[in-house]
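1. The following block contains a protein sequence and its predicted model.
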Amino acid sequence: GENVEQHPSTLSVQEGDSAVIKCTYSDSASNYFPWYKQELGKRPQLIIDIRSNVGEKKDQRIAVTLNKTAKHFSLHITETQPEDSAVYFCAAPPRGGSEKLVFGKGTKLTVNP
Amino acid sequence: NAGVTQTPKFQVLKTGQSMTLQCAQDMNHEYMSWYRQDPGMGLRLIHYSVGAGITDQGEVPNGYNVSRSTTEDFPLRLLSAAPSQTSVYFCASSNNEKLFFGSGTQLSVL
């Protein structure tokens, strides 16, 4: 089945710096790659996603890039702010199950003022 | 439009007890699922349903049962609680692959 590896597990940056979180996946048939943000004590919420027919997608300060050949995708946050502090999860679907998402183990991002 | 509603928010059980975690959604989504979240383990799929009357196992189904009698409701049953089931449980429904999560149930099994 699908295996999703996420790095780093923790990331600390200064306010205004950029943050990059990387994920690799194993199933070459995967075609949908979302990122979820979970603030402390809250539910995970979708912040951005990308499908396999595009290489990059941006939404204001966040962007996701996808390299299907290498089977990895990354989340980029620019001009980080303290409210970006949270745990971020990447995910990918297994073959034949686009909604049965397999999640990475998460990255705890801390943005220091 | 309440989205995905989970109850209870907190629960403490003794080993061997049974209980049902409730989940309801009002978005008319066909797909619903249950995840558990443990420290350092991310979110792991327990069971899922692609529509009323249809359920299937996810990655970690042992010790849990589900049923889906209506589109709106997808309860998760713990048959005989074990300390290893101490976790935070999230129900989710999906529209076109985008998961909408409930607020979670923090379960402790003593």
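-> Looks like it arrived, so ask away.
2. Near chain A, which residues of chain B? Just list them.
-> B:31, B:33, B:35, B:40-45, B:48, B:50, B:58-59, B:90, B:94, B:97-104 (CB under 8 Å from any CB of the partner chain). Where C-beta positions appear, they are placed from N, C-alpha and C, glycine not excepted.
3. Just the ones of the residues you listed in strands?
-> B:31, B:33, B:35, B:42-45, B:48, B:50, B:90, B:94, B:98-101 (DSSP state E).
4. and residue A:59, what is it in contact with?
-> Going by CB atoms under 8 Å, 6 or more residues apart in numbering or on different chains, residue A:59 touches A:47, A:48.
5. where's it relative to residue A:11, distance?
-> For residue A:59, the distance to residue A:11 equals 20 Å [CB to CB, to the nearest Å].
6. cool, and residue A:57?
-> 21 Å.
7. got it, and residue B:20?
-> 38 Å.
8. So which of the two has more stuff around it?
-> residue A:11 (17 against 13; other CB atoms under 10 Å in any protein chain shown).
9. Once you drop chain neighbours, what's closest to the more buried one?
-> residue A:109 (5.0 Å; CB to CB, 6 or more residues apart in numbering or on different chains).
10. what helix or strand does the one you found sit in?
-> Element membership of residue A:109, judged by DSSP states H and E, is strand A:107-112.
11. List the neighbouring strands of that strand plus their orientation.
-> strand A:10-14 (parallel), strand A:86-92 (antiparallel) (DSSP bridges).
12. Quick one: the strands in chain A, in order.
-> A:4-7, A:10-14, A:19-25, A:32-38, A:45-51, A:56-59, A:62-67, A:72-77, A:86-92, A:102-103, A:107-112.
13. Paired strands for the one helix or strand residue B:106 maps to, with orientation please.
-> Applying DSSP H and E as the criterion places residue B:106 in strand B:105-109. With DSSP bridges as the test, strand B:105-109 is paired with strand B:10-13 (parallel), strand B:87-95 (antiparallel).
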